[in-house]
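Visitor: Sharing a model that was predicted from the sequence below.
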Amino acid sequence: GEDVEQSLFLSVREGDSSVINCTYTDSSSTYLYWYKQEPGAGLQLLTYIFSNMDMKQDQRLTVLLNKKDKHLSLRIADTQTGDSAIYFCAESPYNFNKFYFGSGTKLNVKP
Amino acid sequence: NAGVTQTPKFQVLKTGQSMTLQCAQDMNHNSMYWYRQDPGMGLRLIYYSASEGTTDKGEVPNGYNVSRLNKREFSLRLESAAPSQTSVYFCASILDRTSYEQYFGPGTRLTVT
């Protein structure tokens, strides 16, 4: 399968910005995603970016894509305690038959 | 509109027992997926069904079978459970190739002793 890698943990203070990074290997990926998982729950789509885009902003979330380096990042501005969760990076090819997930980054927001 | 539902939420099996995990979606989605989630390993695709009547293997299909009973339902069967199958299992669905968002169920936590 494809490799999607993320760091395992990130700790920030409330009000700071959080940046979660992801690298992937499949250059044919069409969509790249960020999902959020709260304890005991399934995954919820936060945002996505199409592979021909460099940046996407959605309220407090900014996604940056460096296609040359196969690097994806998620910036959360003004991080709140409610943002504490596991964040997964994922990619899929054009036909959406398969999705490849990273191992998840656990974000801890300290009050 | 319940989205994606899974039953049961929790299950404990002894090695060698069999069971079926149920998944249903009420969003008229064409494609459905089964994943397992293990600590530090993210989600790995077990099987998927691109449309009613079709199923295909994912990354980790060994020890599992699936049935796409109809458009709504996609079940995952463990014929002879092993401790290595202790995991959290998620079902997901997506409308079709024009869509991009997978919707996930709440998960089934399975322990095999």
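Guide: Alright, I've got the coordinates.

Visitor: so who does residue B:80 touch?
Guide: B:16, B:17, B:18, B:63 (CB atoms under 8 Å, 6 or more residues apart in numbering or on different chains). All C-beta atoms are positioned from the backbone trio N, CA, C, and that covers glycine.

Visitor: buried residues in the helix or strand residue B:109 falls within?
Guide: Using DSSP states H and E, residue B:109 sits in strand B:108-112. Judged by neighbour count using 16 or more other CB atoms under 10 Å in any protein chain shown, the buried positions of strand B:108-112 are B:108, B:109, B:110, B:112.

Visitor: That strand and chain A in contact?
Guide: No: Strand B:108-112 is not in contact with chain A by CB under 8 Å from any CB of the partner chain; minimum separation 8.8 Å.

Visitor: contacting residues around that strand?
Guide: B:6-15, B:21, B:78, B:81-90.

Visitor: Return the subset of those residues lying in strands.
Guide: Members of these lying in strands (criterion: DSSP state E): B:6, B:7, B:10, B:11, B:12, B:13, B:21, B:78, B:87, B:88, B:89, B:90.

Visitor: Tell me the buried residues within the contacts of residue B:80.
Guide: Buried among the contacts of residue B:80 by 16+ other CB under 10 Å: none.

Visitor: Closest one of those to chain A?
Guide: Closest to chain A out of the contacts of residue B:80 is residue B:63 (17.3 Å), distances taken as CB to the nearest CB.

Visitor: For the closest one, which residues are in contact?
Guide: Taking CB under 8 Å, 6+ apart, we find residue B:63 in contact with B:78, B:79, B:80, B:82, B:84, B:85.

Visitor: mind listing what the fifth one touches?
Guide: Which is residue B:84. Applying CB under 8 Å, 6+ apart to residue B:84 gives the contacts B:63, B:112.

Visitor: Highest neighbour count among the ones in strands among the contacts of strand B:108-112?
Guide: Within these, most neighbours by other CB atoms under 10 Å in any protein chain shown means residue B:90, with 25 neighbours.
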